[in-house]
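> Can you look at this prediction? I've put the sequence above it.
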Amino acid sequence: MFSPAECARILGGRLLRERKARPARVIHDSRLVEPGDLFVALKGARTDGHAFLEEAFTRGASGAIVSRLNAIPKNAYNLIVVDDTLTALQRLAAAWREEVTGTIVGITGTCGKTTTKALLGHLLAGDHEVFVAPHSYNTAIGIPIALLSMPKSAKFGIFELGASAPGEILPLARLLQPDIAIITMVGQGHLAGFGSVEAVAREKWSLIAALPEDGIAIVNLDSAPLAQRASAWEGRIITVGTTEGDIQGRVASVFPGLLLETDRLRLETRLLGEHNVGNILTAVACALQLGISEETIEDRIRMFTPPPHRLNLVSAPFGWILDDSYNANPDSTAAALRTLAEFPGKRKAFVFGEMLELGEDSIRCHREILELALELGISPIYPIGDLPVRTAKEAFHKANEIRIIPREALPVRILADLSGSDAVLLVKGSHALRLDQLVDEIIY
C-alpha cells in the first residue's frame, strides 16, 4: 500500500505529525484495526469515525484519513487531512487499482455472490496467489477497502459487487475495472429500491456493460432475465446452465452434497441446494478461462467448505440445523425451503425470518413463502419479524403448523418441540434479524 506521504500527495491533502510507516491495509471500523493499519474516519448516518480515532490508534493504527482537526486525539500521527473522507477513500482505491496487475474478477447477482466468490478463490488458489475480498465488502465503502488490501503480487483478485438501488453498480465497476464479470442470477432482491425484477436485471447487467473491449462476461442462462440479455450481447461471453449454455451441468445427486456432471467434468461438492448449480458452473467456467486444469478443478472442488451461515448443515441436539441465516430474499428463501424438503426421512421445521427491503411487494412475498413452506409439508414454522408474524396470523387455519413465539423464548421452545425427533431446522432471514445468534443459542 501507499505510504502516508504518498496518500497525502494522491489525495491532495495535508499530512500532519508525520512518522515513517507503510500501512498494509485501510480499515474503516476501529474495532478491526490491527497494528500498522491506516484508519479512515468515515461519517455515517448514525456514527462518525472521528469519534473512534483514539481507539484506532490505541489498537496500533499507523495513520488516519480525517476531515475534522478538532477531533484529533493526542496519540494520533500520520494524519492525512482531506475535505471528504469517503471521496478520499475511493480516490485512493482508484490509484491503487492502477498499481495492481493481477486479473480482476467482479461478481454480482441477487443471490450467490459470496459463495461464488469463495468457491472461485478456492479453485484458483492451488498454484497461484489469489486475493479474495473479505466479508461482504461489496458497496461504495466495501469495494475500496477490499481493493486497497489486494497485494501487488496477487495474480488474481476476486470481488463481489452489491446494489440496493439503481445506479450503484456502475461506479463500483468503474473503480474495480474488472477483466471478467460474473452474474450468478437475477431475482426478487431489494425490490424496495428497484421496484421490479427487470430493474434488478438492468442494474446487474451494468457490470458487464462496463467491461473493457477484451473483457469476458460469464452468465447463468438458467436465470431468464440474464438469458435474454446474453443472447443480444455482442462482447465476449461464456454461458452456463442446466439445459443450455457453453458449459451445461446435470445434477447427478443432491446429498450429501451437490454432484454435477458436465461433458468433461465430474464436480463433487459439499454445497447443498440446486440453486447452487449456477454458482458452481460460473465459478468453474471462470477457473477454466483462467487456465486452471480440469483435473485441478475436480480435486479442489471436493475440498471446498461453504462460507458460514450460507446453507451450512450444523449438528444440533435434535438432529441438524440448516443454517442459512446470513441474509434472505424471496428467491433464496424459496430455494432453501426446497433444499430442506429434499432431506430424506427427517422432520422438517422452519424459522421464517423477515425478508427486508422488498417495498410494496413485501406482503405478497412473505405470503408466498409461507404458502410454499406449508405446501412442502414443513412443520412447525416459527415466524420472526412483523411481516412473517402478520402473514402467519392470516393463516390461522394452519395453526398446528405455525407457532408464534416471542424471540427470547424461541430457542427453548424449538428444543422442546423437536426434542427426540430426527429433525432438520432451516433458519433463514435478513441479516438485520441476526438469526445467526439464534443458531448459536440453539446449539450451545
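Cool, got the structure. The shown structure was predicted, so the numbers you read here are calculated from the model rather than taken from an experiment. Numbering: from 1, shown residues only.
> contacts, neighbours, all on C-alpha from now
OK.
> Would you confirm that Leu438 contacts Arg413?
No. In this structure Leu438 lies outside contact range of Arg413 using Cα atoms under 8 Å: 12.0 Å.
> Contacts only, for Thr333.
Residues near Thr333 by Cα atoms under 8 Å, 6 or more residues apart in numbering: Ile369, Lys428, Gly429.
> How is it classified with respect to secondary structure?
helix (DSSP: H, G, I helix; E, B strand; the rest coil).
> element containing Leu372?
Under the criterion of DSSP states H and E, Leu372 resides in helix 362-375.
> ok, then the element right after that helix?
strand 381-384.
> Run through the neighbouring helices and strands of the very next helix or strand once past that following strand.
The helix or strand immediately downstream of strand 381-384 is helix 386-394, counting by DSSP H and E. For helix 386-394, the packing partners by 3 or more Cα pairs under 8 Å, 6 or more residues apart in numbering; DSSP states H and E come out as helix 362-375.
> Can you spell out which helices and strands pack onto the helix it packs on?
Using 3+ Cα pairs under 8 Å, 6+ apart: helix 362-375 touches helix 330-341, helix 386-394.
> Can you lay out these as TSV showing mean pLDDT and distance to Ala154?
Output for these, formatted as TSV (pLDDT from 0 to 100; distance: least, Cα to Cα, whole Å):
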stretch	mean pLDDT	distance to Ala154
helix 330-341	94	32
helix 386-394	92	45
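> Just say which of those helices is most tucked in.
Most buried of the helices and strands packed on helix 362-375, by mean neighbour count (mean count of other Cα atoms under 10 Å): helix 330-341, with a mean of 21.
> Using CSV, write out the CA atom coordinates for that helix.
Below are the C-alpha coordinates for helix 330-341, written out as CSV (Å, rounded to 0.1, in the frame of the first residue of the first chain):
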residue,chain,number,x,y,z
PRO,A,330,-37.8,-14.5,-1.8
ASP,A,331,-35.7,-16.4,-4.3
SER,A,332,-33.0,-17.6,-1.8
THR,A,333,-35.6,-18.4,0.8
ALA,A,334,-37.7,-20.5,-1.7
ALA,A,335,-34.5,-22.3,-2.8
ALA,A,336,-33.6,-23.0,0.9
LEU,A,337,-37.1,-24.4,1.6
ARG,A,338,-36.9,-26.7,-1.4
THR,A,339,-33.5,-27.9,-0.2
LEU,A,340,-35.0,-28.6,3.2
ALA,A,341,-37.8,-30.5,1.7
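> so how far is it from its chain's centroid?
17 Å (Cα atoms, centre = their mean, to the nearest Å).
> now do stretch 272-289
Per Cα atoms, centre = their mean, the centroid offset for stretch 272-289 relative to its chain is 15 Å.
> contacts for it?
112-113, 115-117, 119-120, 123-124, 182, 184-185, 218-220, 222, 238, 240-241, 247-249, 251, 254-258, 260, 294, 297, 311-312, 332, 335-336, 338-339.
> How about it, which residues are buried there?
272-288 (16 or more other Cα atoms under 10 Å).
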